[in-house]
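> Turn this into a model:
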Amino acid sequence: MTDQNTSFVRRDFIAPAAPPTSDASAFGWVRRNLFATPVDGALTIIAALAILWYLPPAIHWLFISAVWTGADRAACTTVVAGGIQPEGWSGACWAYVGDRFVQFMFGSYPRDQLWRPLTVLVIAVALLVPLLMPKVPRKGLNAILLLVVMPVIAFFLLLGGSFGLSYVETSLWGGLMVTLILSFVGIVVSFPLGILLALGRRSQMPIMKTVCVAFIELIRGVPLITVLFMASVVLPLFLTPGNNIDKFLRALIGVSIFASAYMAEVIRGGLQAIPKGQYEAADALGLSYFHKMTFIILPQAIKLVIPGIVNTFIGMFKDTSLVAIISMYDLLGIVKASFNDPTWGTPVTPLTGLIFAGFVFWIFCFGMSRYSLFIERRLDTGHKR
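Residues are numbered from 1 along each chain as shown. Below you'll find the predicted structure:
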């Protein structure tokens with residue numbers, strides 16, 4: 001073998017390279033996430049300056065100079081050496097929120113009967129928490145108790161008129177209680193109804209497909225406020241005298257129908273994302289349409305569109321504020337109505353009430369968002385790196 005044929009062969013090993021720099025430290029995280037590029041660094045600096053500019057005054061107004069106790073608007077007046085200065089006001093007036101807290105939660109529900117909505121809340125939480133925990137057994141029984149039994153119990157407890165309970169008109173309901181009831185019923189009804197509408201829209205039967213398409217496009221083509229207005233004002237015109245439907249029930253039906261149309265499109269997107277081979281494999285196994293959809297197609301489709309489903313739920317939760325158009329006051333409606341009370345008529349009262357309402361809405365929406373991320377990570381077993 002000549003040197004010409006062996007000249008390309010190395011006779012020495014390559015020196016070992018230094019180990020890569022670890023990014024596991026705090027400095028590495030900052031460099032990777034905040035200063036990866038010059039643009040990222042500039043945006044990080046601008047955001048930090050904005051936070052330093054706006055956050056300290058906001059914290060001072062919300063907490064440091066805020067008033068936490070008091071009986072009327074005088075508590076939120078700035079106190080100076082010479083006495084009370086009417087034209088000067090404190091920071092956030094949390095005393096007003098504390099004074100109106102029960103009203104914000106339950107509206108005008110009789111105060112001596114508040115144990116009834118509180119009992120419903122305890123039952124709902126006791127059934128919902130185990131259902132949301134994956135490791136808790138007997139999910140089927142838990143779901144039946146929460147979605148079937150609990151609404152029946154809540155109906156008799158909240159409305160009354162039987163079992164020795166005094167009757168409470170739905171016009172007295174309000175606050176966060178109305179928001180939660182509308183959201184719960186809307187979620188429970190719109191999810192299965194949206195699945196049926198999505199399956200009907202993809203059906204091979206012309207009549208079924210036409211009806212579902214017409215329903216979805218009609219409902220999606222109008223705003224929710226129009227649906228509520230139609231249910232509250234126009235629908236009673238078609239009923240015979242004495243057969244009027246309760247206004248709160250009409251709001252429940254309107255919200256549920258509106259959400260189901262959007263839910264149908266979300267589910268339909270998941271169905272279209274399933275490869276055709278899944279349908280063909282189910283048909284090759286001789287599965288019926290019901291078993292194919294129940295055990296093969298829908299589980300995969302719903303897993304793919306969990307973000308869209310939760311996004312629809314969050315939007316519906318916030319849209320419950322629109323029931324004010326039919327004189328039903330949820331949390332935001334009750335807060336805005338309280339602004340007219342001269343007892344707490346101060347310049348800082350409206351902003352404090354709106355911040356409180358916004359924070360409550362944010363807690364529920366953020367909770368739903370985080371739980372959806374948890375479910376996504378738990379179900380995303382086929383795409384982990």
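> got the contact list for the spatially closest residue to Val120 that is not a sequence neighbour?
What sits nearest to Val120 in space, not counting adjacent residues and going by Cβ to Cβ, 6 or more residues apart in numbering, is Ala154, at 4.5 Å. Any C-beta I mention is one placed from the backbone N, CA and C, and that applies to glycine too. Contacts of Ala154 were listed using Cβ atoms under 8 Å, 6 or more residues apart in numbering, and they are Val120, Ile123, Ala124, Ile181.
> helix or strand for Ala154, which one?
The secondary structure element spanning Ala154 is helix 150-159 (assigned by DSSP states H and E).
> Enumerate the positions of whichever helix or strand comes after that helix that are buried.
Note on helix 150-159: by DSSP H and E, the next helix or strand toward the C-terminus is helix 176-201. Of the residues in helix 176-201, those with enough neighbours to count as buried (16 or more other Cβ atoms under 10 Å) are 176-187, 189-191, 193-195, 197-201.
> what packs against helix 176-201?
helix 101-106, helix 150-159, helix 206-220, helix 247-273, helix 306-319, helix 331-337 (3 or more Cβ pairs under 8 Å, 6 or more residues apart in numbering; DSSP states H and E).
> gap between the residue nearest to Ser183 when sequence neighbours are not counted and Arg100?
Sequence neighbours aside, Phe317 is the residue nearest to Ser183 in space, at 4.7 Å (criterion: Cβ to Cβ, 6+ apart). Per Cβ to Cβ, to the nearest Å, Phe317 is found 22 Å from Arg100.
> Also Arg220?
Distance, Arg220 to Arg100, by Cβ to Cβ: 37 Å.
> out of these two, which sits in the busier spot?
Summary of the neighbour comparison: Arg220 and Arg100, criterion other Cβ atoms under 10 Å, with Arg100 having more neighbours (20 against 13).
> Mind pulling up the pLDDT for the residue nearest to Ser183?
If you check Phe317, the pLDDT there is 94.
> do the one 5 residues further on as well
You'll see Leu322 listed with a pLDDT of 90.
> before we move on, what about the one 5 residues further on?
Looking at Ser327, its pLDDT reads 82.
> hang on, isn't Leu147 packed against Val185?
No. Contact between Leu147 and Val185 fails when scored by Cβ atoms under 8 Å: they sit 10.4 Å apart.
> Now do the residue most central in space within the chain against Gly308, distance only.
Centroid-nearest residue in the chain: Ile314, 2.8 Å away (criterion: Cα atoms, centre = their mean). Distance of Ile314 to Gly308, computed by Cβ to Cβ: 11 Å.
> and stretch 33-43, C-alpha only, in PDB?
Output of stretch 33-43 as PDB, limited to C-alpha atoms (Å, rounded to 0.1, in the frame of the first residue of the first chain):
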ATOM      1  CA  ASN A  33     -35.700  33.600  26.700                       C
ATOM      2  CA  LEU A  34     -35.100  37.300  27.000                       C
ATOM      3  CA  PHE A  35     -32.000  38.300  25.100                       C
ATOM      4  CA  ALA A  36     -31.700  35.600  22.400                       C
ATOM      5  CA  THR A  37     -31.600  38.200  19.600                       C
ATOM      6  CA  PRO A  38     -31.100  42.000  19.500                       C
ATOM      7  CA  VAL A  39     -34.800  42.500  18.900                       C
ATOM      8  CA  ASP A  40     -35.700  40.300  21.900                       C
ATOM      9  CA  GLY A  41     -33.300  42.200  24.000                       C
ATOM     10  CA  ALA A  42     -34.800  45.600  22.900                       C
ATOM     11  CA  LEU A  43     -38.300  44.400  23.600                       C
END
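> Need the residues that contact that stretch.
With Cβ under 8 Å, 6+ apart as the test, stretch 33-43 has contacts from Thr44.
> Give me the mean pLDDT for it.
The model assigns stretch 33-43 a mean pLDDT of 89.
> hmm, back to that, which among the contacts of Ala154 gets closest to Ser372?
The shortest gap between Ser372 and any of the contacts of Ala154 belongs to Ala124, at 19.6 Å (Cβ to Cβ).
> residue contacts, that closest one?
Contacts of Ala124 (Cβ under 8 Å, 6+ apart): Leu146, Met150, Ala154, Phe184.
> go with 7 Å
Counting by Cβ atoms under 7 Å, 6 or more residues apart in numbering, Ala124 touches Met150.
> Report the angle between the strand or helix carrying it and helix 176-201.
For Ala124, the enclosing helix or strand under DSSP H and E is helix 115-132. With axes from the mean of the first three to the mean of the last three Cα atoms, to 10 degrees as the criterion, the two stretches helix 115-132 and helix 176-201 enclose an angle of 40 degrees.
> quick check: angle from helix 115-132 to helix 150-159?
For helix 115-132 and helix 150-159, the angle between their directions (the same axes, to 10 degrees) works out to 160 degrees.
> Tell me the buried residues in helix 115-132?
Residues of helix 115-132 classed as buried by neighbour count (16+ other Cβ under 10 Å): Arg116, Pro117, Val120, Ile123, Ala124, Leu127.
> want to try CSV for those residues, with pLDDT and distance to Ala66 as columns?
Written out in CSV, the entries for these read as follows (pLDDT from 0 to 100; distance: Cβ to Cβ, whole Å):
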residue, pLDDT, distance to Ala66
Arg116, 96, 33
Pro117, 96, 29
Val120, 96, 33
Ile123, 96, 35
Ala124, 95, 32
Leu127, 95, 37
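> neighbours around Ser203, how many?
If you count neighbours by other Cβ under 10 Å, Ser203 ends up with 15.
> which SSE is it in?
When elements are defined using DSSP H and E, Ser203 is found to belong to no helix and no strand.
> pretty sure it contacts Val211?
No. Using Cβ atoms under 7 Å, Ser203 is not in contact with Val211; the gap is 9.7 Å.
> If you count contacts, what does the longest helix seen in the chain end up packed against?
Looking across the chain with DSSP state H, the single longest helix is helix 349-379. Judged by 3 or more Cβ pairs under 7 Å, 6 or more residues apart in numbering; DSSP states H and E, the packing partners of helix 349-379 are helix 94-99, helix 306-319, helix 331-337.
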